[in-house]
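[1] need a structure here:
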Amino acid sequence: MTQDELKTLVGQAALQYVQPGSIIGVGTGSTVDKFIDALAASGLQIKGAVSSSLRSTERMQALGIPVFEASEVQSLGVYIDGADEIDHAGHMIKGGGAALTREKIVADLAEQFVCIADESKLVKVLGQFPLPVEVIPMAAAQIARRFAALGAQASLRAGVVTDNGGHILDVRGLAVTDPQAFEADVNQWPGVVTVGVFARNRASVCLLGTAEGVKTLAF
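    Residues are numbered from 1 along each chain as shown. Coordinates of the predicted model:
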């Protein structure tokens, strides 16, 4: 089964977590695109969605799914999004699509985070995927030096400006053995907007696409 087919499978499987008449949180990325398409084709009647990116907003609006601003809702039952990596406790690395700050904001509104991913994203220790960190542009070099002091290499993602006007550093050479402590620490560095470790807002469920079908991991 191709990676594209696995993404389609988990996108469809996520529909079981969508309550009719509700407002849901929707993330960003190629796997989420499959979920949006499945939602539009399903006939499920929802009130609408809060989106984490312009890309997802435009896709949903084109398919007739109403999109709300985060400021218009107080809470969401579920947030559905992909991950670049996920460990066996539901901690994730996210931000390959540069939407990590808005993803974390929408995830924080939700009672449940349902991660949709293919089995290549499941890891024992986070960090093999370059860790995205959104930064205020003037702080980029300073933050890169702080990562260098940890033995890691941070490089500016060329030509990328986030929906918030920030820049992205991609950090290689890390092994994030304590995701919660790491997230809390790096988030305090001056100039960091968001670190792409999702520990405080970890997944409660992961729908993992495998050659044998969709596996459900609960955390």
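[2] what about stretch 137-149, average pLDDT?
    In this model, stretch 137-149 has an average pLDDT of 98.
[3] residues contacting that stretch, please?
    With Cβ atoms under 8 Å, 6 or more residues apart in numbering as the test, stretch 137-149 has contacts from 133, 135, 153-156, 166-167, 169, 171, 174, 189-192. Glycine gets a C-beta too; all of them are placed from N, C-alpha and C.
[4] repeat the analysis, applying 6 Å as the threshold.
    Residues outside stretch 137-149 that contact it (Cβ atoms under 6 Å, 6 or more residues apart in numbering) are 135, 154, 156, 167, 171, 191.
[5] and the chain, what are its domains?
    Using automatic domain parsing, the domain parsing of the chain gives 3-122+200-218, 131-195.
[6] returning to what we had before: and the contacts of stretch 137-149, which two are the farthest apart?
    Comparing every pair within the contacts of stretch 137-149 by Cβ to Cβ identifies Val171 and Gly191 as the most remote, at 14.1 Å.
[7] neighbour-wise, which of those two wins?
    The neighbour comparison of Val171 against Gly191 (other Cβ atoms under 10 Å) goes to Val171, with 24 against 17.
[8] as CSV, the contacts of stretch 137-149 with secondary structure and distance to Gln128 would be great.
    Shown next, in CSV, are the contacts of stretch 137-149 (DSSP: H, G, I helix; E, B strand; the rest coil; distance: Cβ to Cβ, whole Å):
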residue, secondary structure, distance to Gln128
Val135, strand, 22
Ala154, strand, 16
Leu156, strand, 20
His167, strand, 23
Val171, strand, 12
Gly191, coil, 25
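[9] I'd like those residues as a markdown table, with distance to Ala98 appended.
    Formatted as a markdown table, the contacts of stretch 137-149 follow (distance: Cβ to Cβ, whole Å):
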| residue | distance to Ala98 |
| --- | --- |
| Val135 | 12 |
| Ala154 | 15 |
| Leu156 | 12 |
| His167 | 9 |
| Val171 | 14 |
| Gly191 | 17 |
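[10] ok, back up a step: just the domains of the chain: most buried one?
    Highest mean neighbour count among the domains of the chain (mean count of other Cβ atoms under 10 Å): domain 3-122+200-218, with a mean of 19.
[11] quote the end-to-end distance of it.
    22 Å (Cα to Cα, to the nearest Å).
[12] got it, and stretch 11-28?
    End to end - Cα to Cα - stretch 11-28 spans 12 Å.
[13] pLDDT averaged over that stretch, what's the number?
    In the prediction, stretch 11-28 has an average pLDDT of 97.
[14] how far does it sit from its chain's centre?
    Centroid displacement of stretch 11-28 relative to its chain, using Cα atoms, centre = their mean, to the nearest Å, is 15 Å.
[15] which residues does it contact?
    34-35, 38, 42, 44-53, 55-56, 73, 76-81, 97, 99, 103, 106, 110, 114, 116, 207, 214.
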